[in-house]
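*Asks:* Sequence plus predicted model, see below.
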Amino acid sequence: MARHASPLQSLLVDDRFDGDVYPNEPMSRHTTYRIGGPARFFVRANSVGALTGLIDVCAETNVPWVVVGRGSNVLVSDEGFGGVAVALGRDFRSMRFEDGRFFVGAGATLSSVVQDAFKRNLGGFEFAVGTPGTVGGALRMNAGARDEWIGERVATVTTYRPGAGLQRRRGDELSWGYRTSSFAPDEIIIECELVADVADPFKVRDKMEANLARRKETQPLSQPTCGSVFKNPEGASVGRMVEELGLKGYAQGKARISAVHGNFIVNEGGATAADVRSLMDEIAARVREAYGVSLLPEVRLVGFEEPFHG
Ligand SMILES: Cc1cc2nc3c(=O)[nH]c(=O)nc-3n(C[C@H](O)[C@H](O)[C@H](O)COP(=O)(O)OP(=O)(O)OC[C@H]3O[C@@H](n4cnc5c(N)ncnc54)[C@H](O)[C@@H]3O)c2cc1C
């Protein structure tokens with residue numbers, strides 16, 4: 001007897017669906033770690049209609065879904081993700097500048113905003129130079145440096161949430177914390193307005209160059225990573241604690257705690273998510289034992305059954 005297609009399958013094979021569909025797509029192709037098993041479907045939605053239609057079908061039929069930007073802050077399990085990994089395509093990549101604000105789609109890269117601001121002699125985004133990722137991922141994570149973050153730049157943001165629909169809010173109606181924001185877990189960032197400052201172009205350039213130089217000196221930029229693995233506990237540095245514990249350079253399979261920065265784990269080629277996870281467990285256990293501190297991952301774990309215990 002022929003099996004009936006599910007509502008999700010029917011949507012994805014419909015010629016009118018404005019998106020690109022990749023069944024059983026290895027997520028290692030979509031993460032900066034180059035790690036991750038297959039997503040049941042990887043779908044690039046190219047319009048708001050395609051995105052909302054897709055998310056509604058998933059929500060109504062209890063199919064798990066997750067949005068991915070550049071995958072620069074996610075670790076996907078080796079088993080992959082048994083649902084739909086959604087990326088934002090064509091219509092989400094727009095950017096225009098008007099009246100001191102960037103109007104940006106959530107699928108545009110954060111670096112395109114940084115570069116455009118620089119060309120226009122505008123300041124406010126120098127902290128983000130060298131941060132990979134999309135604007136949507138940056139807002140969700142409240143990407144930033146020690147004392148500056150993207151949330152401070154958000155004038156308005158438009159999101160979609162199944163059941164609640166499209167919503168536009170002012171940036172100050174949301175909370176922005178250290179690598180965290182108050183968007184609901186099932187809320188998708190669609191676009192935003194980011195405020196730029198009139199600034200001295202020489203100061204902007206100096207600040208960007210200094211930030212880039214510091215990154216090159218302190219981060220293993222030539223290897224696949226997810227940036228910082230753990231959030232720094234209040235008043236402490238994970239990198240420093242890892243160094244004091246003598247864990248720098250420690251390896252598990254093909255994953256290694258960077259010799260350059262103790263809060264980075266690098267994929268030396270062919271590392272598995274289990275290798276990375278095992279290093280994360282080791283670091284957390286040793287830090288807890290030595291300093292009595294529980295570490296919280298900054299990296300988002302996708303497709304793992306076991307939640308992380310710091
Ligand atoms: C070399 C390197 C350096 C880094 N340096 C920094 C740094 O200096 N500061 C910093 O803060 N981070 C840094 N990061 C981490 C990372 O780049 C940022 O967190 C980035 O903002 C993530 O964006 P992304 O598009 O890759 O998101 P992803 O990694 O794809 O996703 C991150 C989270 O955001 C969610 N998400 C993505 N898009 C959306 C959307 N449109 N709507 C709702 N949720 C969404 C995902 O579901 C996931 O939970 C670094 C990473 C690397 C590899």
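*Replies:* Cool, got the structure.

*Asks:* How much space separates L75 from the ligand?
*Replies:* Note on L75: its distance to the ligand, by Cβ to the nearest ligand atom, to the nearest Å, is 9 Å. All C-beta spots, glycine's among them, are computed from the backbone N, C-alpha and C.

*Asks:* helices or strands next to the helix or strand harbouring that residue in the packing?
*Replies:* In this structure, L75 sits in strand 74-76 according to DSSP states H and E. The contact analysis (3 or more Cβ pairs under 8 Å, 6 or more residues apart in numbering; DSSP states H and E) places strand 74-76 against helix 273-291, strand 300-302.

*Asks:* average pLDDT across the first one?
*Replies:* Confidence over helix 273-291, taken as the mean pLDDT, stands at 98.

*Asks:* ok, and what's touching that helix?
*Replies:* 33, 35-37, 75-78, 229-230, 236, 238, 241-242, 244-245, 247, 250-257, 265, 267, 293-295, 297, 304, 308-310 (Cβ atoms under 8 Å, 6 or more residues apart in numbering).

*Asks:* Spell out which parts of the stretch 151-300 of the chain neighbour the ligand.
*Replies:* When proximity is defined as Cβ under 6 Å from any ligand atom, the stretch 151-300 of the chain approaches the ligand at R179, I188, I189, Q219, L221, T225, C226, G227, R300.

*Asks:* With respect to the ligand, which of these is nearest?
*Replies:* Among these, G227 lies closest to the ligand (Cβ to the nearest ligand atom), at 2.5 Å.

*Asks:* give me the number of residues near that closest one?
*Replies:* By other Cβ atoms under 10 Å, the residues close to G227 number 19.

*Asks:* so what does the helix or strand hosting L139 touch, helix or strand wise?
*Replies:* Using DSSP H and E, L139 maps to helix 135-141. Other helices and strands packing on helix 135-141, by 3+ Cβ pairs under 8 Å, 6+ apart, are helix 110-119, strand 180-181, strand 188-195.

*Asks:* Single out the most deeply packed of the ones you listed.
*Replies:* Across those, averaging neighbours per residue (mean count of other Cβ atoms under 10 Å) puts strand 188-195 on top, at a mean of 23.

*Asks:* contact partners of the next helix or strand after that one?
*Replies:* Where DSSP H and E defines the elements, the next helix or strand beyond strand 188-195 is strand 197-198. Strand 197-198 is contacted from outside by G100, N121, L122, G123, G124, using Cβ under 8 Å, 6+ apart.

*Asks:* PyMOL command for the buried members of these?
*Replies:* Buried subset of the contacts of strand 197-198, written as a PyMOL selection, criterion 16 or more other Cβ atoms under 10 Å:
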select buried, resi 122+123+124
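
*Asks:* Out of the contacts of strand 197-198, which comes closest to the ligand?
*Replies:* Among these, G124 lies closest to the ligand (Cβ to the nearest ligand atom), at 15.4 Å.

*Asks:* Once you drop chain neighbours, what's closest to the closest one?
*Replies:* Excluding its sequence neighbours, the residue lying closest to G124 (Cβ to Cβ, 6 or more residues apart in numbering) is D197, at 4.5 Å.

*Asks:* now check the helix holding L139, is it near the ligand?
*Replies:* Yes - contact between helix 135-141 and the ligand, assessed by Cβ under 6 Å from any ligand atom, occurs at G136, G137, A138, R140, M141.

*Asks:* next SSE after that helix?
*Replies:* strand 154-161.

*Asks:* Would you list the strands that the helix or strand just after that next one pairs with, along with their directions?
*Replies:* Per DSSP H and E, the first helix or strand lying C-terminal to strand 154-161 is strand 165-170. Next to strand 165-170 in the sheet, as set by DSSP bridges, lie strand 154-161 (antiparallel).

*Asks:* If you count neighbours, what's buried in the strand it pairs with?
*Replies:* Buried residues in strand 154-161 (16+ other Cβ under 10 Å): V154, T156, V157, T158, T159, Y160, R161.

*Asks:* For the second one, name its beta-bridge partners.
*Replies:* So the one you mean is T156. For T156, the beta-bridge partners are R170, E193 (DSSP bridges).

*Asks:* ok, now how distant is it from D172?
*Replies:* Distance of T156 to D172, given as Cβ to Cβ, to the nearest Å: 10 Å.

*Asks:* What of the first one?
*Replies:* Applying Cβ to Cβ, one obtains 8 Å for the distance of V154 from D172.
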